[in-house]
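J.: sharing a model prediction with you, sequence too.
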Amino acid sequence: MDSLSKLGDDDDHDHYRDLLWPSISKHFVSIFLDLVRLSFLAALLALETLFLLHKWAPVFHYLFFSCFLAFFTLKRFVSGPDQVYLVDFSCLKPPSSCKVPFTSFLEHASMINIFDRESIDFMAKILASSGQSEETYLPPQLHYIPPKTDFQDSIKEVHMVLFPVLDDLLEKTNVHARDIDILIVNCSGFCPSPSLSSIIVNRYSMRSDVKSFNISGMGCSASALGVDMAKSLLKVHKDSYAVVLSTEILSTGWYSGRERPKLLLNCLFRMGSAAILLTNKPKAKNASKYKLVHSLRTQRAFEDKAYCSAVREEDADGKLGVAFKRDLLQVAGETLRSNMTLLGSRVLPFTEKFWHGLSVLRKRFIHKSCEIYVPNFKTVVQHFCLPTSGRPVIREIAKGLKLGEVDMEAALMTLYRFGNQSSSSLWYELAYMEAKQRVKKGDKVWQLGMGSGPKCISLILECVRPILGESENGPWASCIQEYPVAIDEVVVA
């Protein structure tokens, strides 16, 4: 866990410097251009003051105001593409019949006649220490004995998790399916033909020119990645709506072998999905909940150890499963650190950058045993959506970012109530914050997605209007008053 909590470690500082310098240098160029613009404005103001003191002819005032208007007018046209807004989002709340208490899960697993006693005991230990409650969900296909994992059952699960959330999103935003210009669907483990995006286009009779994309194999970061992709597409396609659908099909990912690293997937991942509507339409500003301020993607697939830290492969008996390697947490820490470094260079105030840079120099040239100062992201971000990869992982990431109990509450409660829902978990966390009425106008939310590859995607959202009444809607509607709960008091077997 040290690699997650000691995010300021400088053991391979030179390696990160070489990798991140091109992006950081671009950021410094941007800062320099901003300073040039500010200097130009200051010069104009100084000239106007000079004109007033010397009582020069009005023509000089007209010249000043012409330059002033030209400066701000041109700045609008050269400042970049239209703003991307997040209009709203929806999360699936599965039916109560899909709930899977620990005892039921273990009883069914023991009746399948595939898992031996050691495998059952191992899964029981993982469930007890996972931070999940007894109310998480598995799709109906995995409640059968043995589980139904064939192609048609996976298609039925697709219909069950994607159609309801998109229906809800279209209803609450008053947008028709034929108004959608861009469609992005992500699911890591199930990639049918026709694709998932084609299933959605067919179901909702979307336009023939809708730009549809299907993302697979991106792991728990796929939802944030889909939003980043939608942002890039909205830069090109003006006055458009983009929908991102995020889920994981569990029936196709069920592992029916006995290798412990692959059994983790059966215990940790649970049912869930989310639908997100984004737009660059100017008229949607007042109706939208958030605007997308920053998005940043980094990855470490270029490194063999990182690339192999989480791999889908066959076991000795030819049964397919996802194996999580022992160095996964170390890789996750390194991946998060590189993303934090770049994000910090873009969003942190000068003082935080200064103290971080000073501590790096001190460790490098003066006192090698001293710790590097970890910037305080809470100076610019008020709310955090962290990966729900397990209670210990959430706490270690929070420790590395210097976050408190309230900051990680949404992640811990989402994990407890719904389990690890892969890429859609980030939206259940945001729904939790909204249901608690914690997100205020002007607040910023950091959504941190980390997935196999490995890769890390950061989204910074800024709330643009008051968000009220969400405690009566969404996945937390019937239970938000019961949270938070003290999950650390759960006894681990």
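T.: Sure thing, it's come through.
J.: which ones are touching the residue nearest to residue 328 when sequence neighbours are not counted?
T.: The shortest distance from residue 328 to any residue other than its chain neighbours is 4.5 Å, reached at residue 309 (C-beta to C-beta, 6 or more residues apart in numbering). Yep, even glycine has a C-beta here, placed from its N, CA and C like the rest. Going by C-beta atoms under 8 Å, 6 or more residues apart in numbering, residue 309 touches 324, 325, 327, 328, 331, 332, 452, 454.
J.: repeat the analysis, applying 6 Å as the threshold.
T.: Residue 309 sits next to 325, 327, 328, 331 when contact means C-beta atoms under 6 Å, 6 or more residues apart in numbering.
J.: including pLDDT and secondary structure, could those go into TSV?
T.: Formatted as TSV, those follow (pLDDT from 0 to 100; DSSP: H, G, I helix; E, B strand; the rest coil):
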residue	pLDDT	secondary structure
325	81	coil
327	79	coil
328	80	helix
331	84	helix
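J.: nearest to residue 376 among the residues you listed?
T.: Nearest to residue 376 out of the contacts of residue 309 is residue 331 (C-beta to C-beta; 25.2 Å).
J.: how much space between the closest one and residue 364?
T.: Distance, residue 331 to residue 364, using C-beta to C-beta, to the nearest Å: 24 Å.
J.: same question for residue 408.
T.: Residue 408 is 31 Å from residue 364, by C-beta to C-beta.
J.: low-confidence regions, this structure specifically.
T.: Residue ranges of the chain with pLDDT under 70: 1-35, 37, 40, 44, 47-48, 50-81, 365, 368-369, 373, 488-493.
J.: mind running it again at 80?
T.: Scanning the chain with the threshold set as pLDDT under 80 gives 1-82, 326-327, 351-375, 487-493.
J.: can you spell out which helices and strands pack onto the helix or strand where residue 445 lies?
T.: Secondary structure assignment for residue 445, by DSSP states H and E: strand 444-451. With contacts taken as 3 or more C-beta pairs under 6 Å, 6 or more residues apart in numbering; DSSP states H and E, strand 444-451 sits against strand 383-385, strand 455-463.
J.: in the stretch 201-350 of the chain, which spans are strands?
T.: Counting by DSSP state E, counting those that start in this stretch, the stretch 201-350 of the chain has these strands, from start to end: 211-215, 241-247, 273-279, 290-299, 310-314, 320-324.
J.: between these, which gets nearest to residue 339?
T.: For residue 339, the closest of the strands of the stretch 201-350 of the chain is strand 290-299, at 4.5 Å, according to C-beta to C-beta.
J.: give the buried residues for that closest one.
T.: For strand 290-299, a neighbour-count test (16 or more other C-beta atoms under 10 Å) marks 290, 291, 292, 293, 294, 295, 296, 297, 298, 299 as buried.
J.: could you measure from the fifth one over to residue 170?
T.: So the one you mean is residue 294. Here the criterion is C-beta to C-beta. By it, residue 294 lies 28 Å from residue 170.
J.: wouldn't residue 277 be in contact with residue 90 here?
T.: No. Using C-beta atoms under 6 Å, residue 277 is not in contact with residue 90, being 8.7 Å away.
J.: so what sits against both of those two?
T.: The overlap between the contact sets of residue 277 and residue 90 (C-beta under 6 Å, 6+ apart) consists of residue 169.
J.: and residue 216, what does it touch?
T.: Counting by C-beta under 6 Å, 6+ apart, residue 216 makes contact with 188, 191.
J.: next one: residue 208
T.: By C-beta under 6 Å, 6+ apart, the contact set of residue 208 is empty.
J.: burial measure for residue 209, as a count.
T.: Neighbour count of residue 209, defined by other C-beta atoms under 10 Å: 6.
J.: re earlier: from the buried residues of strand 290-299, pick the one nearest residue 337.
T.: Within the buried residues of strand 290-299, the smallest distance to residue 337 is 9.6 Å, found for residue 298 (C-beta to C-beta).
J.: wait, residue 138 sits on residue 102?
T.: No. Checked against C-beta under 6 Å, the pair residue 138 and residue 102 is beyond contact range at 11.9 Å.
J.: now the residue nearest to residue 328: how far from residue 320?
T.: From residue 309 to residue 320 the distance is 18 Å (C-beta to C-beta).
J.: and if you look at residue 454?
T.: Distance check for residue 454 against residue 320: by C-beta to C-beta, it reads 20 Å.
J.: so between those two, which is more surrounded?
T.: Just comparing residue 454 and residue 320: by other C-beta under 10 Å the higher neighbour count belongs to residue 454, 24 against 16.
J.: OK, contacts around that one?
T.: By C-beta under 6 Å, 6+ apart, residue 454 lies in contact with 300, 306, 331, 335.
J.: between the residues you listed, identify the one with the most neighbours.
T.: Among the contacts of residue 454, residue 335 has the most neighbours (other C-beta under 10 Å), with 25 neighbours.
J.: relative to residue 173, how far out is the residue nearest to residue 468 when sequence neighbours are not counted?
T.: Among residues not flanking residue 468 along the chain, residue 437 sits closest, at 7.0 Å (C-beta to C-beta, 6+ apart). According to C-beta to C-beta, residue 437 and residue 173 sit 21 Å apart.
J.: neighbour-wise, which of these two wins?
T.: residue 173 (21 against 14).
J.: so which residues of the stretch 351-493 of the chain form helices?
T.: With helices called from DSSP state H, counting those that start in this stretch, the stretch 351-493 of the chain shows them at 391-400, 405-418, 425-435.
J.: and those helices, which is most packed in?
T.: Most buried of the helices of the stretch 351-493 of the chain, by mean neighbour count (mean count of other C-beta atoms under 10 Å): helix 425-435, with a mean of 27.
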